[in-house]
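# Take a look and give me a structure for this.
(2 chains)
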Amino acid sequence: MSVITVENISKQYIIDHQKGKGSNTLRDVISANFRQVFNGQKKQKDESKEEFWALRDVSFSIEQGDRVGIVGHNGAGKSTMLKILSKIIEPTTGSVRIRGRVASLLEVGTGFHPELTGRENIYLNGSLLGMSRSEIRKQFDEIVAFAGVEKFLDTPVKRYSSGMYVRLGFAISAHLDPEIMIVDEVLAVGDAEFQKKSLGKMRDNSASGRTIIFVSHNLTAVQALCNKTLYFEKGQLIEQGETNQVIASYLSKVSKTRLVRQWDTPQDAPGNDLVRVRRIEMTPEYQDDLTHIDVRTPMKLRFEFWNMMDHANLNLSLHLNSLTGECIFNIGTRSQAYGKGLIAGECTIPGYFLNDGSYTISVMIVKDTVTPLYTMEEGITFDVEDYREGIAWYGKWPGYVRPQFPFEMGMLEEATVK
Amino acid sequence: MRTHEVIIEPGRAERHYWRDLWRNRELMYILSMRDVSVRYKQTALGMAWGLIRPLTTMLIMVFVFSRIAKLPGDPGVPYPLMVLGGITVWTFFSTAFTQISNSVTMNANLVTKVYFPRLIMPISAVAVSFVDFLVSLVLFILLAIWYRFVPDWHLLFLPGFMLLAVLAAFAFGLFFAVVNVKFRDVGQLIPFLVQVGFYACPIAYSSRLVAGESYYKYYMLNPMVGIIDGFRWSLLGGEAYFNPKSLLTSVIIIVISLSLSLYFFRKRESTFVDDI
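This next block holds a predicted model:
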């Protein structure tokens, strides 16, 4: 029996491009309307306004007991979809039919007030999520124990550590008892142990026939939890089906990866009168039948450029940056004397080095080890996907690198049982 | 098992809106308690602020209007009592009005993250003004004892005028609450309106002074005039000036504005999340 039927849902927003100029104050609206009245003009089509479809003709249905993941890039419409299902925003067209009590968890600790104590916030948040006071009272001790905040119940939550805050927020929602649960990105928070506990709790819930809809950027968590997956892109539902299948095609389709750029003649190549780039290429050495880069994949970067100087001491300097622009590392070749011609450099990034994430590579051509001649910014962009084995934890692995240095443990001495 | 079915469609007026509102009364209560307990958190004087404000305002008004301007009060009523009576009901109204106007924007974090009938926000916002009102009323009682002033049967009408004041706060507050979502100008406007209202209403002076004037019929169009005069009349007895006609205007204006405001609020509430 399908518990959720979504038919042709669309959501339109009007973007006002003049917002920056402050046209959204009352004065402008009033004066605009006055002008209209006095000039007798019809309201002209405003050029500064643009229609934007956050969702376009989305239809799907969800069966009882399904655990459905929703994946897609930022702005793909995932959150809009969840908010429509949660009745928070109204669709522009289409209809949704939901059978069963819904609890939406779009945020950990919704409505928490920093000045209120943990105890007061449990009641506040619980009733916002649709629990009655008697239900909360019944589960109160369990919630507190799950969150592990017994000692701080009468402390204002503004004095909580961020970990405690998140644990308390999740603990409350984990004790909801709806038939359909809508969850947005809540596993992205909290420490490892707590995430494991939360995911376990969600699995137990679904085993008892509860339907779960789960949005996450964390594909590993989606794979672990969901049996079906919907893949959204630019407001449209591109694909739906078995989780593994959908995630594989998601990875191959939406990857921002740009692994090669090439210019055939120096005339249109980027650079200047001294040097021009001919080619930059990264070749992943895929293992097994993989078609995407994951944390195991070694990669080879090759960079070729034309040198137009007769005699110059040149070296290459490579910057690998995170998506947010932080430099993860910088590595250079030895400086060497070159004449006119085509020069190539090669660098190998081993597997089990970069953590999962998006990266860019910039290459700089340097003269006499001090003067940068030309920098090719973000020549290569690529994503490293997550891969884990034998680990029951699906949270975001912290850090920029994920090396496998030797790290062993063993028992020193058996305890003698008395 | 009882199946609970929900249909979501554009423009679909929630059929069970009022029932949902009733079902969420616990949430309403909890949000009210939140506002009340947060109001004086981390202040050294706490609830005492509820006393200090009306008391100082009263003293200044008495000094300016009675001592300096030498305005006559109502016969047989001590001027400070008359002023404090006015301040009490005005503060109640203006706090409720301000809270309601800000209720939706103040709860923006909830609007974007959970669904509940949006009217819960303005309704629970009123609680704070009740608390301040009670404190101010205690002050009035103390002052009445000081002046050995004993209220009479008129006091029975007090709850009625209180109710009117709440309805007036909703009638105007709901409208501004909706406008506030899109235009934060309201945040600037409200304190200004409250300040103007303080002098435009018979608070620091008696309506008796205006009653003979040619513009009295326009003065009465202010719906708060009837409420304030009536409130004072029930506290201070027959000596306080009260024109039943002004009450009639109040009721008519409040009923009309409240219906329009409610309609406007219900009409717009589904778009709050898009504009906030």
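
# What's the mean pLDDT across stretch B:22-34?
The average pLDDT for stretch B:22-34 rounds to 90.

# is any part of the longest helix belonging to chain B close to chain A?
In chain B, with assignment by DSSP state H, the single longest helix is helix B:79-106. No: on the criterion C-beta under 8 Å from any C-beta of the partner chain, helix B:79-106 is out of touch with chain A, staying 11.1 Å away. Just so you know, the C-beta spots here come from the backbone N, C-alpha and C atoms, and that holds for glycine as well.

# Which of the residues in that helix are classified as buried?
Using 16 or more other C-beta atoms under 10 Å in any protein chain shown as the test for burial, helix B:79-106 gives B:79-106.

# May I have the distance across stretch A:307-318, first residue to last?
18 Å (C-alpha to C-alpha, to the nearest Å).

# what's that stretch in contact with?
Contacts to stretch A:307-318, defined as C-beta atoms under 8 Å, 6 or more residues apart in numbering or on different chains, come from residues A:266, A:273-276, A:301, A:303, A:330-343, A:345, A:347, A:361-369, A:372-373.

# Rounded mean pLDDT for it, please.
On average, stretch A:307-318 scores 92.

# where's that stretch relative to the chain centroid, distance-wise?
Computed by C-alpha atoms, centre = their mean, to the nearest Å, the chain-centroid distance of stretch A:307-318 equals 40 Å.

# Now that stretch: buried residues?
Under 16+ other C-beta under 10 Å, the buried positions of stretch A:307-318 are A:307, A:312, A:314-318.

# out of these, who's nearest residue A:87?
residue A:318 (51.0 Å; C-beta to C-beta).

# give me the beta-bridge partners of that closest one?
residue A:331, residue A:363 (DSSP bridges).

# And residue B:97, what's its pLDDT?
Value for residue B:97, per-residue pLDDT: 96.

# Please list all residues in contact with it.
B:168-169, B:172-173, B:190, B:194.

# Repeat the analysis, applying 6 Å as the threshold.
B:169, B:172-173 (C-beta atoms under 6 Å, 6 or more residues apart in numbering or on different chains).

# Let's have those residues in CSV, adding secondary structure, neighbour count and distance to chain A.
Formatted as CSV, the contacts of residue B:97 follow (DSSP: H, G, I helix; E, B strand; the rest coil; neighbours: other C-beta atoms under 10 Å in any protein chain shown; distance: C-beta to the nearest C-beta, whole Å):
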residue, secondary structure, neighbour count, distance to chain A
B:169, helix, 26, 22
B:172, helix, 23, 16
B:173, helix, 27, 17
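
# Among the residues you listed, pick out the one closest to residue A:79, please.
Out of the contacts of residue B:97, the member with the shortest distance to residue A:79 (by C-beta to C-beta) is residue B:173, at 31.3 Å.

# from what I can see that closest one touches residue B:98, true?
No: here residue B:173 lies out of contact with residue B:98, judged by C-beta atoms under 6 Å, at a distance of 7.7 Å.

# Could you list every helix and strand in contact with the helix or strand harbouring residue B:188?
Per DSSP states H and E: residue B:188 is located in helix B:185-200. Secondary-structure packing of helix B:185-200 (3 or more C-beta pairs under 6 Å, 6 or more residues apart in numbering or on different chains; DSSP states H and E): helix B:79-106, helix B:158-182.
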